[in-house]
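Participant: next one to model:
(chains A and B)
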Number of protein chains: 2
Amino acid sequence: MRRFAADRARRAVAASLRGAASSRSAAPSPLAPAPRYPAPPVGAAAMAAALARTMSTAAAGTPPVSMDTINPKVLKCEYAVRGEIVTHAQNLQQELQKNPDSLPFDEILYCNIGNPQSLGQQPVTYFREVLSLCDHPGLLDKSETHALYSSDAIERAWQILEKIAGRATGAYSHSQGIKGLRDEIAAGIAARDGFHASGDNIFLTDGASPAVHMMMQLLIGSEKDGILCPIPQYPLYSASIALHGGSLVPYFLDEETGWGLEVDELKKQLEEARSKGITVRALVVINPGNPTGQVLAEENQKKIVEFCKNEGLVLLADEVYQENIYVEDKQFHSFKKVARSLGYTDDDLPLVSFHSVSKGYYGECGKRGGYMEITGFSPEVREQIYKLASVNLCSNVSGQILASLVMNPPKAGDESFESFMVERDGILSSLARRAKALEEAFNSLEGITCNKAEGAMYLFPRLHLPQKAIGAAHAAGTAPDAYYAKRLLEATGIVIVPGSGFGQVPGTWHFRCTILPQEDKIPAIISSFKEFHEKFMDEFRD
Amino acid sequence: MRRFAADRARRAVAASLRGAASSRSAAPSPLAPAPRYPAPPVGAAAMAAALARTMSTAAAGTPPVSMDTINPKVLKCEYAVRGEIVTHAQNLQQELQKNPDSLPFDEILYCNIGNPQSLGQQPVTYFREVLSLCDHPGLLDKSETHALYSSDAIERAWQILEKIAGRATGAYSHSQGIKGLRDEIAAGIAARDGFHASGDNIFLTDGASPAVHMMMQLLIGSEKDGILCPIPQYPLYSASIALHGGSLVPYFLDEETGWGLEVDELKKQLEEARSKGITVRALVVINPGNPTGQVLAEENQKKIVEFCKNEGLVLLADEVYQENIYVEDKQFHSFKKVARSLGYTDDDLPLVSFHSVSKGYYGECGKRGGYMEITGFSPEVREQIYKLASVNLCSNVSGQILASLVMNPPKAGDESFESFMVERDGILSSLARRAKALEEAFNSLEGITCNKAEGAMYLFPRLHLPQKAIGAAHAAGTAPDAYYAKRLLEATGIVIVPGSGFGQVPGTWHFRCTILPQEDKIPAIISSFKEFHEKFMDEFRD
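Facilitator: Residues are numbered from 1 along each chain as shown, chains lettered A, B, ... in the order given. Just a heads-up that it's a prediction; the model follows:
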């Protein structure tokens, strides 16, 4: 039997594998079909060559994996938000732990990443109560629980468990996420937008990043497939496009007009890409902007939607900062709302909205919750998206629950409502004050100009560096903004990300700095930053 | 400024992006470097062609995304565990909810997937207590908490929070996971194996699946890169290889010898692949086996390690069922332990061990926790793996905590130890009884033979179908095992996965059935299965 198996295997394995996973295919063809790998060289010479290769691998002691043999797409991909500067900061932190007096500062201040709770932001109590109860449903039957948890959190945990088959928070869910939670999220979207939303269109994911990867994986088949991305951009996009082997087609945000997104620029870049044989598949818009912090005007969004509709592009809307708006005259409008208000339906425009529990006022980065709402895809393509989701089984259930809470927080009249609003508004108003304080501080410095942070969690100031500083950076073999960031870190412990990590107009230099340090630390950060910057400018003034 | 920016952008965007994310690169070259996309056709004709394309896209109303334009690798990928049969089952379930008397059974029994808690397995109390406390750390300061939680769970939650900077369970962690938890996992591995393990080698992941994808992404650059995979295999592997565009190089497990893994077969398949120009990068071994349930003997594992060492292959060891062993004469040995006991060090062999919180006695699938331990990679390659992890920021922190608990459960003397052991042993011994009962039942049926489930959570019985049944399947346009599975589902509500979803020797037919329904349901399942099977055989007996 075994011999038989092995013999048949050699001849027909491809048939088995291809016929395999689909029950639609009938029995394997009796004729050996095309193998899964390229056609072999045949005969004794090939066998000898193969043996020689085998021998040499073993004999020469070549490492099985090296920089020369790994996937070149991995080598190409870069992710500066957790790149070199952060590794350097982590090393300094270890040094500081070993020898607290070894450096000119007491602590590392991670302003490189939108990670609010790492800088002291407290989680929203109600959300955590519900998660805690869902993690240990046995508590719900005990009277002592009422001494520790608010009654509406207990009620909500019951409601959530009722949405989960067998109340099994430890089971894989449907690959799109628990249906009842998706319906709740859809209701939240509908309430936000004033247009219908369906739980069937929601895919719950471990944060927004896996959702973005999933869409890139779907849309990119080769380097001929292009994705229009803002520059500067959040480097998840460039990383994901690189990993999937596509072409990033850049469009530049206009720093002069507060990081404006102009449709003329989109058109120009689209046409140029097309003239180079690129099929542009999608447009990425990040609103509110990351790293740039601008909030798009509704009129502007309408033009963007029309552009995607006319050009046949998927609109990939990164809307994870939808709760983070800090100026009176701007409001968040989802692209789906804008599209629907223009009268466009599912038939007109494929649109994906990414959202996450990591941002907003909740900032629950570690929970890895998020969703994408997909509309305007054909049933066959949706099935392919579902298949991609199913290969990873499902996203984590706590993150799923949290995503539903974020889209359906306590309402007026609920026991927790008032304390919830105090926490929520406290965080959002403090973020607005911090954004303003940092923006003003940066703008007060020689050689720095900084647009307003209308939203999101970042400032992206421009560095107008003296030639001497640029020369020093080149001499050190680094980009000038990276050089500046390194010097800042070593002098103050403040971690920022060089603009080069996000893309910028060549010859300009920027950095991204989060607005997330706790408010009582902002004055000290500003003065330490100022002191460093003034010294730096003095050192290099032309 | 804006015009200037746009103009420069067109010329030099590639420089910006390439120079971008790495601070090692100096300022962009003044010469326009190679663009990120293929060289353009030049001149007016090209522009006209581009415009024509633009017009036609918009005018013809071609959908922006179709089955013809999406990534063909996505189309190729299949994942039967959540495939057609499961969708059919979900539809029947909805029918059953609407009209309970419409079908010849009361409930759908999902035996398609290793998802214990969906079938009623209760979570381990201690683990859930700790997770619940970590989700709501405010509880730890309250005296009432002692009425609801065991004191060692409270103590453990404190210890865990101390390992997290700022006790921020809602912050992104290090991209490999929280260092203190990784160290704890490493200590658990060292205790299990008797050989050193380091937290620096642990990558915490959202279950084992993303870890497998990460390694495939690293190792596969093109279809010339091959991965040796068992047949039958867990379809995550074929799906991941397809998605990353590599070649699955199959080796057949020998059903006759209890799904034996023979090194002669590995060699034969390796040589054949090499003769076809495939560079085989890695060997996947699933131990205990999925879907096949066998547990490898240590001597066998030694030969496999030697094979990888001699042939220069990465050993990808799927060890997620390491706690699931049901026979007295078999034990789990990690491949790392086997390699170290042979005297091989980090310098000899790249080895990855995948583990998960979804299996074992805990079965916490919905928590999406897991890790991979990587050893034997060069620092440069490790850095690339780290970069891949960092693009998704980190895995969910609850899953990270759970992974540390699983590798360091309560010890003798702890308050929870006894109740923990009762829960643990209760689940494991029940699983062993269920495996045996189902195996005996299958073997008692005409036309079914079934190897022992030594471990894991599955049986993979072989169907010896009458020619008439095979003919009926072909007439229905499905594979015979898929036909059988569909008929079984429609008659009994039992969901199994056809063997074709895992790969099998062509011309043989199997199915995978989990051993996970609760023990009190097993007799009814067996009798309903028997009844179906006997009728099926009567209907089709040649």
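Participant: any residues touching stretch A:143-151, and which ones?
Facilitator: A:125-126, A:129, A:132-133, A:139, A:154, A:415-416, B:139, B:142, B:144-145, B:147-148 (C-beta atoms under 8 Å, 6 or more residues apart in numbering or on different chains). To be clear about C-beta, it is placed using only N, CA and C from the backbone, and glycine gets the same treatment.
Participant: now swap in stretch A:458-471 and tell me
Facilitator: A:114, A:232, A:255, A:259, A:290-293, A:435, A:438-439, A:442, A:447-451, A:453, A:480-481, A:483-484, A:499, A:502, A:508-515, A:536-537, A:539-542, B:27.
Participant: just the ones of the residues you listed in strands?
Facilitator: Using DSSP state E to define strands, the subset of the contacts of stretch A:458-471 located there is A:I448, A:T449, A:W509, A:H510, A:F511, A:R512, A:C513, A:T514.
Participant: point out where chain A drops to low pLDDT.
Facilitator: A:1-61, A:81-82 (pLDDT under 70).
Participant: let's see it at 90
Facilitator: A:1-64, A:77-84, A:86-87, A:90, A:113, A:165-166, A:392, A:453, A:500-501, A:541-542 (pLDDT under 90).
Participant: tell me the domain ranges of it?
Facilitator: For chain A, automatic domain parsing gives the domain ranges A:2-43, A:80-110+A:430-540, A:173-406.
Participant: between the contacts of stretch A:143-151, which is nearest B:A273?
Facilitator: Using C-beta to C-beta, A:S132 comes nearest to B:A273 of the contacts of stretch A:143-151, at 51.2 Å.
Participant: residue contacts, the nearest residue to the closest one once chain neighbours are set aside?
Facilitator: Distance criterion C-beta to C-beta, 6 or more residues apart in numbering or on different chains; nearest residue to A:S132, sequence neighbours excluded, is B:H136 at 3.6 Å. B:H136 makes contacts with A:R128, A:E129, A:L131, A:S132, as judged by C-beta under 8 Å, 6+ apart.
Participant: so which of those residues is the most crowded?
Facilitator: A:L131 (31 neighbours; other C-beta atoms under 10 Å in any protein chain shown).
Participant: got the contact list for that one?
Facilitator: A:K367, A:S398, A:I401, A:L402, B:D135, B:H136.
Participant: which members of these are positioned in helices?
Facilitator: Members of those lying in helices (criterion: DSSP state H): A:S398, A:I401, A:L402, B:D135.
Participant: could you pick out the buried ones from those?
Facilitator: A:S398, A:I401, A:L402, B:D135 (16 or more other C-beta atoms under 10 Å in any protein chain shown).
Participant: tell me the one of those residues nearest A:V284?
Facilitator: Taking these together and measuring to A:V284 by C-beta to C-beta, the closest member is A:L402, at 25.0 Å.
Participant: circling back to that earlier point, tell me which of the domains of chain A sits most buried.
Facilitator: domain A:173-406 (a mean of 23; mean count of other C-beta atoms under 10 Å in any protein chain shown).
Participant: distance between it and the chain's centre?
Facilitator: With C-alpha atoms, centre = their mean, to the nearest Å as the basis, domain A:173-406 stands 10 Å off its chain's centre.
Participant: returning to that earlier point: output the ones in strands among the contacts of stretch A:458-471 as TSV; include the columns distance to B:K224.
Facilitator: What follows is the ones in strands among the contacts of stretch A:458-471, written out as TSV (distance: C-beta to C-beta, whole Å):
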residue	distance to B:K224
A:I448	50
A:T449	50
A:W509	41
A:H510	41
A:F511	41
A:R512	39
A:C513	44
A:T514	43
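Participant: so which residues of the stretch 351-500 of chain A form helices?
Facilitator: Taking DSSP state H, counting those that start in this stretch, the helices of the stretch 351-500 of chain A run over residues A:379-391, A:397-406, A:417-443, A:467-475, A:480-492.
Participant: reformat those as a markdown table; add distance to B:H355.
Facilitator: Listed next are these as a markdown table, based on distance: least, C-beta to C-beta, whole Å:
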| stretch | distance to B:H355 |
| --- | --- |
| helix A:379-391 | 19 |
| helix A:397-406 | 19 |
| helix A:417-443 | 37 |
| helix A:467-475 | 44 |
| helix A:480-492 | 36 |
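Participant: let me see the contact set for A:R182.
Facilitator: A:R182 touches A:Q176, A:G199, A:D200, A:I202, A:L204, A:Y371, counting by C-beta under 8 Å, 6+ apart.
Participant: the strand or helix carrying it to helix A:397-406, inter-axis angle?
Facilitator: Using DSSP states H and E, A:R182 sits within helix A:179-193. Interaxial angle, helix A:179-193 versus helix A:397-406 (axes from the mean of the first three to the mean of the last three C-alpha atoms, to 10 degrees): 30 degrees.
Participant: okay, and the residue in the stretch 51-200 of chain A positioned nearest to chain B sits in which element?
Facilitator: Closest approach between the stretch 51-200 of chain A and chain B, counting by C-beta to the nearest C-beta: A:E78, at 3.0 Å. Assigned by DSSP H and E, A:E78 belongs to no helix or strand.
Participant: does it touch A:Q233 like I think?
Facilitator: No. Using C-beta atoms under 8 Å, A:E78 is not in contact with A:Q233; the gap is 12.0 Å.
Participant: looking at the ones in strands among the contacts of stretch A:458-471, spot the one nearest chain B.
Facilitator: Using C-beta to the nearest C-beta, the ones in strands among the contacts of stretch A:458-471 come closest to chain B at A:W509, 9.3 Å.
Participant: hey, what's the closest one bridged with?
Facilitator: A:W509 has these beta-bridge partners by DSSP bridges: A:L463.
Participant: for chain B, what are the nearby residues on the stretch 401-542 of chain A?
Facilitator: Proximity of the stretch 401-542 of chain A to chain B (C-beta under 8 Å from any C-beta of the partner chain) is limited to residues A:470, A:473-474, A:477-483, A:485-486, A:498, A:500-507.
Participant: go with 6 Å
Facilitator: Applying C-beta under 6 Å from any C-beta of the partner chain, one finds that the stretch 401-542 of chain A approaches chain B through A:H474, A:T478, A:A479, A:A482, A:P498, A:S500, A:G501, A:G503, A:V505, A:P506.
Participant: return the residues in contact with the fifth one.
Facilitator: I take that to be A:P498. Counting by C-beta atoms under 6 Å, 6 or more residues apart in numbering or on different chains, A:P498 makes contact with A:D481, A:A482, A:A485, A:F511, B:S23.
Participant: beta partners of it?
Facilitator: Bridge pairing for A:P498 - DSSP bridges - gives A:F511.
Participant: gap between it and A:G170?
Facilitator: Distance, A:P498 to A:G170, by C-beta to C-beta, to the nearest Å: 43 Å.
Participant: host element of the nearest residue to A:R167 once chain neighbours are set aside?
Facilitator: Of all residues not flanking A:R167 in the chain, A:L161 sits nearest, at 4.3 Å (C-beta to C-beta, 6+ apart). Assigned by DSSP H and E, A:L161 belongs to helix A:151-163.
Participant: quick one: distance of that helix to the chain centre.
Facilitator: On the basis of C-alpha atoms, centre = their mean, helix A:151-163 sits 30 Å off its chain's mean C-alpha point.
Participant: repeat that for stretch A:415-430.
Facilitator: 26 Å.
Participant: got the CA coordinates for that stretch in CSV?
Facilitator: This file holds the C-alpha atoms of stretch A:415-430, laid out as CSV (Å, rounded to 0.1, in the frame of the first residue of the first chain):
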residue,chain,number,x,y,z
GLU,A,415,-26.0,54.3,35.0
SER,A,416,-22.5,54.7,33.6
PHE,A,417,-23.4,57.5,31.2
GLU,A,418,-22.3,60.5,33.2
SER,A,419,-19.0,59.0,34.4
PHE,A,420,-18.4,57.7,30.8
MET,A,421,-18.9,61.2,29.4
VAL,A,422,-16.6,62.7,32.0
GLU,A,423,-13.9,60.3,31.0
ARG,A,424,-14.5,60.7,27.3
ASP,A,425,-14.7,64.4,27.2
GLY,A,426,-11.8,64.7,29.6
ILE,A,427,-9.6,62.8,27.2
LEU,A,428,-10.7,64.5,24.0
SER,A,429,-10.5,68.0,25.4
SER,A,430,-7.1,67.4,26.9
